[in-house]
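Q: structure, please.
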Amino acid sequence: MAGSNWLERWARSQRTWVALAVLAPVLMLAVSGAMLLEMRREAWEKARQTAENLLQLVERDIARNFEIIDLSLTRLAEGVGMPSVQGADPQLRQLILFDRAATARDIGVMLALDENGDVTLDSAGFPPRKLNNADRSYFKAHKADPGLGLSISEPLVSRLTGSPIVVLSRRINRPDGSFGGIALASLKLSYFQRLFNRIGLGPEGAINLYRTDGVRLMRYPSVEADIGANIAGSGNFERFLSAPRGAFVATSVRDGVERYYAFSRVGDLPLVLNVALGASDIEAEWRGRAIALGLVLISLCALTAGLALLFGRELKRGGEMQAELARLSRTDSLTGLPNRRCFEEEFTRVFGEAQRFGRPLSLLVVDADHFKRINDRYGHGVGDMVLKGLARCLARSVHRPGDLVARVGGEEFVVLLPETDAAGAARIAERIHEEVALLGVESAGIGQGAITVSVGSVSLPAGTALERAEFYRLADAALYEAKAGGRNQT
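A: The predicted structure is shown next:
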């Protein structure tokens, strides 16, 4: 008793509500701050996954196309030195040395050059076009280094087509191992532009493709001054070379924008690809939510503090009165079950969720058989005892928290079964019959089995569209069918 009085005095104390007026906003701000930090972490995690997925997608596309071109170059370089190929008819030789890759959309030209840099074979046809590329850096590199392998040039302008290109080339060796020229294929830079344009990165996002010596082959968004630029020695590029793949946040040496960089080597090629997302783009959505949430929180905190100071003494008493009134307004006074009002509210909510999310729903309408005879013969007092007993039987027949048993009027009850199909509803109905079969009123001489119920059952399969009123009408019609069929059945 003393403890109860102390608690009541504490609840009514002016200091208590002043303290709550201060603590409640502080706690709200602390919880909201933690939520905002978690939301920011999730935004960065989403950005990381997006960058990794895009990087993998682009890297695979580039690696696959370069591999196809390299296979064609290898075939051309090896075929040039075969006497049987060289002695073949020119048209047949074209078919042997140049496969369909030479006519691909993004291939500019495919050529074989002799040791002097003159074109000897041309994928465009025979005789070959006149051209000498002895001054090109890739030609000189192959001439100087027999073990160079596949070479990828800096961005160039094609002397035959006038298009911006990069050149992939391989050395042609004579039988004695001396330099016999090169096989080359030009890849249009429009290939990279078209590939990168398909990807949305945000206003400050970028994609870059570099050679491992720092020369930029392509950038998206494309700026002409960036193509061919060399960033070797910069801090960001050194980090690109530090591992086969990785990620970091840094400021771009090009424009001073902070970005999240995900990078990877392109297969076994001397190329480095990176996908960069602007930090401000990553946090843009989060920042908007944070501002909106902050404004709402400030308003709520001010309102909470004001209400706590103004109405502290009345909140508890008013809340208890309202809770009791709400409970009474939703409870059947005789059986203690939820009443029709409660059922209608819950039915509206559950039915809406079943329709919206495509979930099954079942409804049982239960009515006591010959209840008027019981009232007429034994009186309303016994009738009330029967109704209370029926309420207990129905309540024992369901066990899930979401199931609802309610009295909706007279001797009529309903059992609302969310996420329950027709088979499940049938089991519940059978359990109800079993429970009622054990019901009796000994004081009135009504033994077990004398009280029965009829049940109307209707089930809404998942994904079925139906009006709520029609659903209830079907259950009611099923009840009348059970009555007409002899009662004590579903």
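Q: what ranges of the stretch 101-250 of the chain fall below the confidence cut-off?
A: Applying pLDDT under 70 to the stretch 101-250 of the chain flags the ranges 101-104.
Q: show me where the stretch 351-490 of the chain has strands.
A: For the stretch 351-490 of the chain, applying DSSP state E, counting those that start in this stretch gives strands covering 361-368, 404-409, 412-418, 453-460.
Q: which SSE is residue 342 in?
A: In this structure, residue 342 sits in helix 340-357 according to DSSP states H and E.
Q: what residues does stretch 415-434 touch?
A: Contacts with stretch 415-434, where a contact means Cβ atoms under 8 Å, 6 or more residues apart in numbering, come from 343, 346-347, 350, 353-354, 359-364, 366, 393-394, 397-398, 402-406, 452-453, 455, 457, 459, 461-462, 488-490. Any C-beta I mention is one placed from the backbone N, CA and C, and that applies to glycine too.
Q: now a ChimeraX select for only the buried ones of the residues you listed.
A: Remark: buried members of the contacts of stretch 415-434, expressed as a ChimeraX selection using 16 or more other Cβ atoms under 10 Å:
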select :343,346,347,350,354,359,360,361,362,363,364,366,393,394,397,398,403,404,405,406,453,455,457,459,488,490
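Q: quick revisit: how about the strands of the stretch 351-490 of the chain, which one is nearest residue 266?
A: Judged by Cβ to Cβ, the one of those that comes nearest to residue 266 is strand 412-418, at 53.9 Å.
Q: residues near the residue nearest to residue 187 when sequence neighbours are not counted, how many?
A: Ranked by Cβ to Cβ, 6 or more residues apart in numbering and with sequence neighbours excluded, the top spatial neighbour of residue 187 is residue 166, at 5.4 Å. The tally of other residues near residue 166 (other Cβ atoms under 10 Å) stands at 26.
Q: for residue 335, same thing?
A: When counting by other Cβ under 10 Å, one arrives at 21 neighbours for residue 335.
Q: likewise for residue 176?
A: Using other Cβ under 10 Å as the criterion, the residues surrounding residue 176 number 6.
Q: list the contacts for it?
A: Residue 176 neighbours (Cβ under 8 Å, 6+ apart): none.
Q: got the phi/psi numbers for it?
A: The phi/psi pair for residue 176 (degrees, to the nearest 10) reads phi -90, psi 0.
Q: so it versus residue 419, what's the distance?
A: Applying Cβ to Cβ, to the nearest Å, one obtains 82 Å for the distance of residue 176 from residue 419.
Q: same deal with residue 153?
A: Between residue 153 and residue 419 the distance is 65 Å, computed by Cβ to Cβ.
Q: more crowded one of these two?
A: Taking neighbours as other Cβ under 10 Å, residue 153 and residue 419 compare with residue 153 leading, 21 against 17.
Q: which stretches of the stretch 351-490 of the chain form helices?
A: Read by DSSP state H, counting those that start in this stretch, the stretch 351-490 of the chain holds these helices, from start to end of the chain: 371-378, 380-397, 422-437, 468-484.
Q: could you dump those helices into CSV with distance to residue 149 added?
A: As requested, those are arranged in CSV below (distance: least, Cβ to Cβ, whole Å):
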stretch, distance to residue 149
helix 371-378, 95
helix 380-397, 79
helix 422-437, 69
helix 468-484, 73
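Q: out of these, which comes closest to residue 194?
A: Evaluated with Cβ to Cβ, the helices of the stretch 351-490 of the chain place helix 468-484 nearest to residue 194, the distance being 53.3 Å.
Q: any idea how far the residue of the chain most remote from its centre lies from residue 439?
A: Residue distances from the centre of the chain (Cα atoms, centre = their mean) peak at residue 377, which lies 65.2 Å from the mean C-alpha position. Computed as Cβ to Cβ, the residue 377 to residue 439 distance reads 17 Å.
Q: cool, and residue 302?
A: Distance check for residue 302 against residue 439: by Cβ to Cβ, it reads 58 Å.
Q: so for those two, which sits in the more crowded spot?
A: Neighbour totals were compared for residue 302 and residue 439, and residue 439 leads with 19 against 11 (other Cβ under 10 Å).
Q: isn't the more buried one right next to residue 453, touching?
A: No: between residue 439 and residue 453 there is no contact under Cβ atoms under 8 Å: 9.4 Å.
Q: what is in contact with these two at once?
A: Taking Cβ under 8 Å, 6+ apart as the contact criterion, the common neighbours of residue 439 and residue 453 are residue 390.
Q: quick check: phi and psi on the residue nearest the centre of the chain?
A: With distances taken as Cα atoms, centre = their mean, residue 46 lies nearest the centre of the chain, 9.7 Å away. Geometry field for residue 46 lists phi and psi as phi -60, psi -40, criterion degrees, to the nearest 10.
Q: what about it, distance to residue 341?
A: Distance, residue 46 to residue 341, using Cβ to Cβ: 45 Å.
Q: and the helix or strand where residue 78 lies, how far from the chain's centre?
A: Under the assignment given by DSSP H and E, the secondary-structure element containing residue 78 is helix 14-80. The chain centroid and the centroid of helix 14-80 are separated by 13 Å under Cα atoms, centre = their mean, to the nearest Å.
Q: state the mean pLDDT of it.
A: Helix 14-80 shows an average pLDDT of 83 in the prediction.
Q: now render the helices of the stretch 351-490 of the chain as JSON lines, adding distance to residue 124 and mean pLDDT.
A: What follows is the helices of the stretch 351-490 of the chain, written out as JSON lines (distance: least, Cβ to Cβ, whole Å; pLDDT from 0 to 100):
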{"stretch": "helix 371-378", "distance to residue 124": "98", "mean pLDDT": "87"}
{"stretch": "helix 380-397", "distance to residue 124": "85", "mean pLDDT": "90"}
{"stretch": "helix 422-437", "distance to residue 124": "72", "mean pLDDT": "92"}
{"stretch": "helix 468-484", "distance to residue 124": "73", "mean pLDDT": "92"}
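Q: nearest to residue 253, of those helices?
A: Put simply, out of those the one that sits nearest residue 253 is helix 468-484, at 64.0 Å, with distance taken as Cβ to Cβ.
Q: give me the residues contacting that closest one.
A: With Cβ under 8 Å, 6+ apart as the test, helix 468-484 has contacts from 347-348, 351, 361, 363-367, 369, 414, 454-458, 460, 489-490.
Q: may I have that helix as CSV, with CA atoms only?
A: What follows is helix 468-484, C-alpha atoms only, in CSV (Å, rounded to 0.1, in the frame of the first residue of the first chain):
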residue,chain,number,x,y,z
ARG,A,468,-15.6,-7.3,-48.0
ALA,A,469,-19.4,-7.2,-47.8
GLU,A,470,-19.7,-10.0,-50.4
PHE,A,471,-17.2,-12.1,-48.4
TYR,A,472,-19.3,-11.7,-45.2
ARG,A,473,-22.5,-12.4,-47.2
LEU,A,474,-21.1,-15.6,-48.5
ALA,A,475,-20.3,-16.7,-44.9
ASP,A,476,-23.8,-15.8,-43.8
ALA,A,477,-25.3,-17.7,-46.7
ALA,A,478,-23.1,-20.8,-45.8
LEU,A,479,-24.5,-20.6,-42.2
TYR,A,480,-28.1,-20.6,-43.5
GLU,A,481,-27.2,-23.6,-45.7
ALA,A,482,-25.9,-25.4,-42.6
LYS,A,483,-29.2,-24.6,-40.8
ALA,A,484,-31.3,-25.8,-43.8
